[in-house]
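# the following comprises the amino acid sequence and a computationally predicted model.
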Amino acid sequence: MMNSRSATLGILGGGQLGRMFTIAARTMGYDVVVLDPDPLAPARHFASHHICADYTDPQALQELSNTCVAITTEFENIPATVLQSLSDQCVVFPQSEPVFIVQNRAREKSFLQSNNFPTSPFVILEPDKDPTDALKKFTFPAIIKTVQFGYDGKGQVRVQSFEEAITELQTTFAHQTVVIETLLPLRLELSVILGRAHTGQINYWPIAENRHRNGILDMTIAPARISEELTERTIKIAGQIAEKLHYVGVLTVEFFVVGMNQLMVNEIAPRPPNSGHFTLTGCQTSQFEQQVRILCGLPLGPTELFQPTVMVNLMGDLWDKGVPPWEVILQVPAAKLHLYGKTTPRPGRKMGHFNISAPSTHEAITKAEQIRRQLGIES
Ligand code: ADP
Ligand code: MG
């Protein structure tokens, strides 16, 4: 592993996550090559070089592996074969095997089930098999989810009954493999974000509590307001998942909490998540700095939270009357605005976020909600 600071790192994807990775890597003295087919990729301003090509373009991948000593990805939908072939020439973290598992919801659920990790009740439905028997035994209401490329609640449909499920399977999801899950009464949603080094050492950030709006993450509260006992159990499961996957990199495990303390793993992401942006200003090491450290074989950074921190997503909807009044955020001393440099705001598009820290979690939430209201974000 290299420890010199003149090396070039590569990242597949130049969205906001790739941009934040690039900023962290450049801050630490590395050059960064970003591969992204979008000529307006948000990471381009910070990249040493932007290869504007498809993720499977052989020439682009050749150029990337020729220039970079180590390569990572900002999202899970990179074909695992691409990561595999890059790893013949460079260090690649996360490795193709865990990405292959978690990039497909059916494989991810099967992995969880076969290793006895708790999940919501689910069945995998193959397009060429009659779903009647499986669905007759199923508990409704339920959610049908596509197995690939779903995000921010996209690729999901809620169904109230057996009949409705059959209709959806024949229309929206015709000829597709899907996962159907019982709709659970969620008390809380949590994410555990961890960094696992090639040595096997794991550093965990404090557990975050997530609130969604229209299927999209709206607010993250760190630390989560849960008991010691639940914290320990959640961390333990996330660590076991990372170990079972022989994972190296930053990993996210999303959990559902039903009732007082029933835990279920919802999904796994092989990367820093949106719900980890509180670490940018709230923690000793941000999730992107940790991604750089792990990729380069450097020591893991400490993950302590300085103060309770709340993150609020800023969606394109906010721009409906022009540029939002940022002074609402900037005049609060403990609030930090972060914009992703995207040129076109669209409803549902993640344009930025703000973080706010306070001596108590309650105070951080109260201040965040006050700013949200002043910006006109609906609850
Ligand atoms: P995505 O890839 O879009 O994040 P998720 O599976 O995490 O997909 O689902 C998005 C959100 O939908 C979850 O964060 C949760 O709020 C809700 N959701 C998903 N599955 C269930 C379920 N089985 N029961 C209740 N709510 C669910
Ligand atoms: Mg999710």
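Yes, it's here. Ligands and ions are numbered 1, 2, ... in the order given.

# going by C-alpha atoms from here, please, whenever you check contacts or count neighbours.
Fine.

# find the nearest non-adjacent residue to the most centrally placed residue in the chain, please.
Nearest residue to the geometric centre of the chain (Cα atoms, centre = their mean): Pro273, 2.7 Å. In space, not counting the residues next to it along the chain, Pro273 is nearest to Thr252; the distance is 6.7 Å by Cα to Cα, 6 or more residues apart in numbering.

# show me the contacts for that neighbour.
Going by Cα atoms under 8 Å, 6 or more residues apart in numbering, Thr252 touches Ser191, Val192, Ile193, Leu194, Ile268, Ala269, Pro270, Arg271, Pro272, Pro273.

# how near is it to ligand 1?
According to Cα to the nearest ligand atom, to the nearest Å, Thr252 and ligand 1 sit 12 Å apart.

# buried ones in the helix or strand hosting Ile371?
Assigned by DSSP states H and E, Ile371 belongs to helix 361-375. Using 16 or more other Cα atoms under 10 Å as the test for burial, helix 361-375 gives Thr361, Glu363, Ala364, Ile365, Lys367, Ala368, Glu369, Ile371, Arg372, Leu375.

# now for the second one: which residues touch it?
Think Glu363. Per Cα under 8 Å, 6+ apart, neighbours of Glu363: none.

# that one and ligand 1, how far apart?
Counting by Cα to the nearest ligand atom, the separation of Glu363 from ligand 1 is 24 Å.

# tell me where the stretch 51-200 of the chain has strands.
70-73, 91-92, 122-125, 142-146, 156-159, 178-182, 186-196 (DSSP state E, counting those that start in this stretch).

# could I get these as CSV with mean neighbour count?
What follows is these, written out as CSV (neighbours: other Cα atoms under 10 Å):
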stretch, mean neighbour count
strand 70-73, 26
strand 91-92, 24
strand 122-125, 20
strand 142-146, 22
strand 156-159, 18
strand 178-182, 21
strand 186-196, 23
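
# what about the residue in the stretch 1-150 of the chain that ligand 1 sits nearest to, how many residues nearby?
Closest approach between the stretch 1-150 of the chain and ligand 1, counting by Cα to the nearest ligand atom: Gly150, at 5.0 Å. As a burial measure, Gly150 scores 15 neighbours (other Cα atoms under 10 Å).

# how about it: what's its closest non-neighbour residue?
Nearest to Gly150 is Gln156, by Cα to Cα, 6+ apart, at 7.6 Å.

# my read: the one you found touches Ile143, true?
Yes: using Cα atoms under 8 Å, Gln156 is in contact with Ile143, at 6.6 Å.

# so for stretch 252-262, what gets flagged as buried?
Buried, per 16+ other Cα under 10 Å, within stretch 252-262: Thr252, Val253, Glu254, Phe255, Phe256, Val257, Val258.

# I'd like those laid out as TSV, including pLDDT and secondary structure.
Shown next, in TSV, are the buried residues of stretch 252-262 (pLDDT from 0 to 100; DSSP: H, G, I helix; E, B strand; the rest coil):
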residue	pLDDT	secondary structure
Thr252	98	strand
Val253	98	strand
Glu254	98	strand
Phe255	98	strand
Phe256	98	strand
Val257	98	strand
Val258	97	strand
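
# need these in a markdown table (columns: distance to Leu86).
Below are the buried residues of stretch 252-262 laid out as a markdown table (distance: Cα to Cα, whole Å):
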| residue | distance to Leu86 |
| --- | --- |
| Thr252 | 23 |
| Val253 | 26 |
| Glu254 | 28 |
| Phe255 | 32 |
| Phe256 | 35 |
| Val257 | 38 |
| Val258 | 41 |
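
# what pLDDT does the model give Pro153?
Careful, residue 153 is Gly and not Pro. Per-residue confidence (pLDDT) for Gly153: 81.

# distance of Trp326 from ligand 1?
Taking Cα to the nearest ligand atom, one finds Trp326 at 28 Å from ligand 1.

# number of residues surrounding that residue?
With other Cα under 10 Å as criterion, Trp326 counts 10.

# just Glu168 next, same as before
Glu168, neighbours per other Cα under 10 Å, totals 15.

# likewise Leu183?
Neighbours around Leu183, by other Cα under 10 Å: 18.

# Gly352 too?
Neighbour count of Gly352, defined by other Cα under 10 Å: 17.

# list the beta-bridge partners for it.
Leu314, Leu339 (DSSP bridges).

# need the pLDDT of Ser6.
70.

# got it, and the one 4 residues further on?
What the model reports for Gly10 is a pLDDT of 98.

# assumed it was part of a strand.
Yes: under DSSP: H, G, I helix; E, B strand; the rest coil, Gly10 falls within a strand.

# list the contacts of it.
Here Gly10 is in contact with Val32, Val33, Val34, Leu35, Leu64, Cys68, Val69, Ala70, Ile71, Thr72 (criterion: Cα under 8 Å, 6+ apart).

# could you rerun that using 6 Å?
Contacts for Gly10 (Cα atoms under 6 Å, 6 or more residues apart in numbering) come out as Val32, Val33, Val34, Cys68, Ile71.

# again with Val33
Contacts of Val33 (Cα under 6 Å, 6+ apart): Gly10, Ala47, Ser48, His49, His50.

# can you put the residues you listed in TSV and add secondary structure and distance to Gln307?
Listed next are these as TSV, based on DSSP: H, G, I helix; E, B strand; the rest coil; distance: Cα to Cα, whole Å:
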residue	secondary structure	distance to Gln307
Gly10	strand	33
Ala47	coil	31
Ser48	coil	34
His49	strand	36
His50	strand	36
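
# alright, calling it a day.
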